[in-house]
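Q: Have a look at this prediction, sequence included:
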Amino acid sequence: MNKLDQLRAMTDVVADTGDIGAIERLQPQDATTNPSLLLKAAQMPRFENLIATVKAGKYSESESCDQFSVAVGAEIIKLIPGRISTEVDARLSFDTQATVLKARELMALYDKRGIGSERILIKIAATWEGIRAAEILEREGIQCNLTLVFGFAQAQACADAGVFLISPFVGRILDWYLANTDLKVTQPSEDPGVQSVIRIYDHYKNHGYDTVVMGASFRNVGEVEALAGCDRLTISPDLMEAMSENHDTLARALMPTTSTLNAPPPLTEEGFRWQTNEDAMVTDKLSDGIRRFAADQVSLEHILLRDH
């Protein structure tokens, strides 16, 4: 078997793309999108008719993006056996109630297309407000993917809230350390992004949390291989294709353990904010990620509203 098939035997492989053609070729279990990926999709010839349909609907800016993201998600759902993750507008990242309302609206749009909630994950930035929104949604049966996870406090708060899945970012953590420190990484075990996911994974398994760990934002195949065995990994098509062309043996890196430790006390808001504040990487990358997704959301709105 090639390395991608070996990885599939121990980890659920998720496609990190809005490229329908890549999903058809690579056949992942699940798929994820975000405003940046949807912006790229909106510029593909394949989606010209879909964009025309959205424009013809004369929707508002926000409604246009929701219609487009759900339409793309519905196309992807046809090609995968599992779930599609659809992201809430990043500009709502610090508004719990607005995030809850937007998530319900997205689920209603999927429902109108005959797609059940068991096929959808709602993506929300892992701010304190976003985690509180996810806690409400999870109680309503709307399962969530908390994204832009860079620090342990975020992961702990998500587990406390009973979030279905988190997406700790690997490559963006490495990016920060390479840009802001003298760190030299010669092998994946030295990669701070890889180390962060391993810490979270081990903590969840040792304390019996059900929250799924899905490593994300990979810069190279070495990072992916260093997390083989993680619950899920969402991988870009180019890295998936590179693994499919390699037939060397892939060793399992992460092993699930039997829960032996009592869960720690829930993290308070004060504790969450202080731990986040004390880690410059987390503070920088979380805010940067939200800004970037918000900017791409605005660019997508311009495409969808052009010629109105």
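A: Cool, the structure landed. Numbers count the residues shown, from 1 in each chain.

Q: Would you confirm that Ile77 contacts Ser85?
A: No: here Ile77 does not reach Ser85: they are 11.2 Å apart, not a contact under C-beta atoms under 8 Å. The way it works is simple: take the backbone N, C-alpha and C, and place the C-beta from them, glycine included.

Q: Have a look at these two and say which one is more surrounded.
A: Ser85 (25 against 19; other C-beta atoms under 10 Å).

Q: Any figure for the gap between the more buried one and Thr17?
A: Separation of Ser85 from Thr17 (C-beta to C-beta, to the nearest Å): 12 Å.

Q: So for the two, which residues contact both of them?
A: Jointly contacting Ser85 and Thr17 under the rule C-beta atoms under 8 Å, 6 or more residues apart in numbering are 31, 33.

Q: how would you label Leu233: helix, strand or coil?
A: Counting by DSSP: H, G, I helix; E, B strand; the rest coil, the backbone at Leu233 sits in strand.

Q: quick one, what contacts it?
A: Under the criterion of C-beta under 8 Å, 6+ apart, the neighbours of Leu233 are 7, 11-14, 214-216, 218, 224, 227.

Q: Specify which member of the residues you listed is nearest to Leu174.
A: Closest approach to Leu174 among the contacts of Leu233 (C-beta to C-beta): Phe218, at 9.5 Å.

Q: Looks like that closest one contacts Met240 (just checking).
A: No: with contacts counted by C-beta under 8 Å, Phe218 stays clear of Met240, the gap being 10.0 Å.

Q: Tell me, how many residues neighbour Ser60?
A: By other C-beta under 10 Å, the residues close to Ser60 number 10.

Q: sorry, back to before: tell me which of the contacts of Leu233 is nearest to Phe94?
A: Of all the contacts of Leu233, Ala216 has the smallest distance to Phe94: 21.6 Å, by C-beta to C-beta.

Q: Quickly list what the closest one is bridged to.
A: For Ala216, the beta-bridge partners under DSSP bridges are Phe169.
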